[in-house]
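In: Have a look at this fold, sequence not included:
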Ligand code: GLN
């Protein structure tokens, strides 16, 4: 059953939330040993939450749109009292004193938080190989990565460990693993979903979003988590248009632009390019108009991102000092304790980003690096805004290639960074984008098509996604 069907059956009293949860727990039990997609399974809490939902149904109350639907949480989302690791040794054993707004929203809607999903340490990576607790494997082929950094969340949905999952996307961390695992993944408009209770990586880029096995399921979860939250000062105060009610409205007369630089760029595999063009043709057949569009500044997206994201990370990660969170390695004085703790607690990629970011922000270099990257960010946003004057949505690949083998891109950081070349520009602009599966490549691994839209145009983006999903091979 998909998430919509589970919720309908539980609300109607046809199946119990408890039965649903037991079914998923059994699947996890059988499969997580190999995939390492979940770092923690909250069996007792999930059973208790399911029993509450069933009690509400028995009492004639409506538990809400996610009634009895299990939802996996990326392990950088806080739940009061539940160990949260961010895939890092430095947080080992840390139990947050508060719960993320999105998790509260899921629970209030009758959803069941099922467990914490593996991720690249502090969400830095594209393969989930940077987790301190071992890599997650791709459910379609366990010699391959699931993508990252939300690789555990994507793998859980693909392996049917849960119908829905939440991830975070700073430069592609929801969309790229969705593409590599053959599921739907959505990065909402910056500010649509509250970041309260998401452990910060790069605060001006981070956004929480849903994974589902279908566009309709992802829409259900997006509508539950969207909305203003006064505990996140960047959360959008306006009333938002939900996406679910207009999902089936079709694409007649919509103007679709295919992004030339990202679709025909050097590193894009032929079969991935073919998938994007086939999806465009399907949209045309459904009544949309298609044109090729150019976003010249996107070629500098990766460079700008790897200044801005590490700069913000170096500041956000300064708080892990051995005093307030998790790990502490003693030293002869405070500075030595801080240094030893950070040296033992952070993995190599996180250290690289802290050093890059600290350098980019230092006096004398600030304007040359960080300042310049911010100006590039403005140019990219302007490119998008110009193109959106003539287009309702845009198309591109999500990932230049299908899922790669474990170990294939770990030798050189630049090779790994290239995995996000198609997803990063949207984060810099703050706009929404999502990945929808489109068949498989020659290696039988899933291919994802990316659909991009202007700020707060998620409803249009989802209509397009539904047509793409229906037409997909
Ligand atoms: N892979 C990109 C990075 O390592 C994006 C990560 C993300 O979106 N959290 O920064």
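Out: Nice, thanks for sending it over. Predicted model only: the values in this text are computed from it and were never measured.
In: Return the set of buried residues in stretch 20-33.
Out: 20-21, 24-25, 28, 31-32 (16 or more other C-beta atoms under 10 Å). Where you see a C-beta, it was placed from the backbone N, CA and C, and this is true even at glycine.
In: Just give the number of residues close to residue 304.
Out: 24 (other C-beta atoms under 10 Å).
In: where's it, which helix or strand?
Out: Under the criterion of DSSP states H and E, residue 304 resides in helix 301-316.
In: So for the one residue in the stretch 251-400 of the chain that gets nearest to the ligand, what's the pLDDT?
Out: Proximity of the stretch 251-400 of the chain to the ligand (C-beta to the nearest ligand atom) peaks at residue 309, 5.4 Å away. You'll see residue 309 listed with a pLDDT of 98.
In: That one and residue 170 touch, don't they?
Out: Yes. Assessed by C-beta atoms under 8 Å, residue 309 is found in contact with residue 170 at 6.2 Å.
In: what is in contact with the two at once?
Out: 201-202, 205 (C-beta atoms under 8 Å, 6 or more residues apart in numbering).
In: before we move on, the earlier item: and the helix holding residue 304, how far from the chain's centre?
Out: 18 Å (C-alpha atoms, centre = their mean, to the nearest Å).
In: Check which helices and strands it sits against.
Out: If you count contacts as 3 or more C-beta pairs under 8 Å, 6 or more residues apart in numbering; DSSP states H and E, helix 301-316 packs onto helix 348-361, helix 372-387, helix 424-429.
In: Dump the ones you listed to TSV, plus mean pLDDT and mean neighbour count.
Out: Shown next, in TSV, are those (pLDDT from 0 to 100; neighbours: other C-beta atoms under 10 Å):
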stretch	mean pLDDT	mean neighbour count
helix 348-361	96	18
helix 372-387	98	18
helix 424-429	98	28
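In: Quick check: which of those helices is nearest to residue 303?
Out: Taking C-beta to C-beta, helix 372-387 is the member of the helices and strands packed on helix 301-316 nearest to residue 303, at 7.3 Å.
In: can I get the helices and strands packed on helix 301-316 in TSV with distance to the ligand?
Out: Below are the helices and strands packed on helix 301-316 laid out as TSV (distance: least, C-beta to the nearest ligand atom, whole Å):
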stretch	distance to the ligand
helix 348-361	8
helix 372-387	14
helix 424-429	7
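In: Helices along the stretch 151-300 of the chain, start to end?
Out: For the stretch 151-300 of the chain, the helices defined by DSSP state H, counting those that start in this stretch cover 151-158, 175-181, 215-225, 260-263, 270-285.
In: Please name the nearest non-neighbouring residue to the residue in the stretch 351-473 of the chain that the ligand sits nearest to.
Out: Closest contact between the stretch 351-473 of the chain and the ligand, by C-beta to the nearest ligand atom, is at residue 420 (4.6 Å). Leaving aside its sequence neighbours, residue 420 sits nearest to residue 172 (C-beta to C-beta, 6 or more residues apart in numbering; 4.0 Å).
In: Same question for residue 190.
Out: In space, residue 190 is closest to residue 430, 3.7 Å off (C-beta to C-beta, 6+ apart).
In: The one you found touches residue 188, doesn't it?
Out: No. Using C-beta under 8 Å, residue 430 is not in contact with residue 188, being 10.1 Å away.
In: So for those two, which sits in the more crowded spot?
Out: residue 188 (26 against 18).
In: Pretty sure that one sits against residue 432.
Out: Yes. Here residue 188 lies in contact with residue 432, judged by C-beta under 8 Å, at a distance of 5.3 Å.
In: Identify the contacts common to the two.
Out: Common neighbours of residue 188 and residue 432 (C-beta under 8 Å, 6+ apart) are residue 458.
In: Tell me the spacing between residue 82 and residue 139.
Out: Noted for residue 82: a distance of 25 Å to residue 139, by C-beta to C-beta, to the nearest Å.
In: Which one of these two is surrounded by more residues?
Out: residue 139 (23 against 19).
In: who touches that one in this structure?
Out: Contacts for residue 139 were tallied using C-beta under 8 Å, 6+ apart; they are 31, 35, 37, 146, 155, 158-159, 181.
In: What of residue 7?
Out: Contacts for residue 7 (C-beta under 8 Å, 6+ apart) come out as 65-69, 110, 220.
In: Give me the distance between the spatially most central residue of the chain and the ligand.
Out: Taking C-alpha atoms, centre = their mean as the criterion, residue 174 is the residue nearest the geometric centre of the chain, at 2.3 Å. Counting by C-beta to the nearest ligand atom, to the nearest Å, the gap from residue 174 to the ligand is 7 Å.
In: Would you check that that residue makes contact with residue 183?
Out: No. With contact defined as C-beta under 8 Å, residue 174 does not count as touching residue 183 (10.1 Å).
In: List the residues that contact residue 185.
Out: By C-beta under 8 Å, 6+ apart, the residues touching residue 185 are 150, 154, 167, 169, 174-175, 177-179, 209-211, 218, 434-435, 448.
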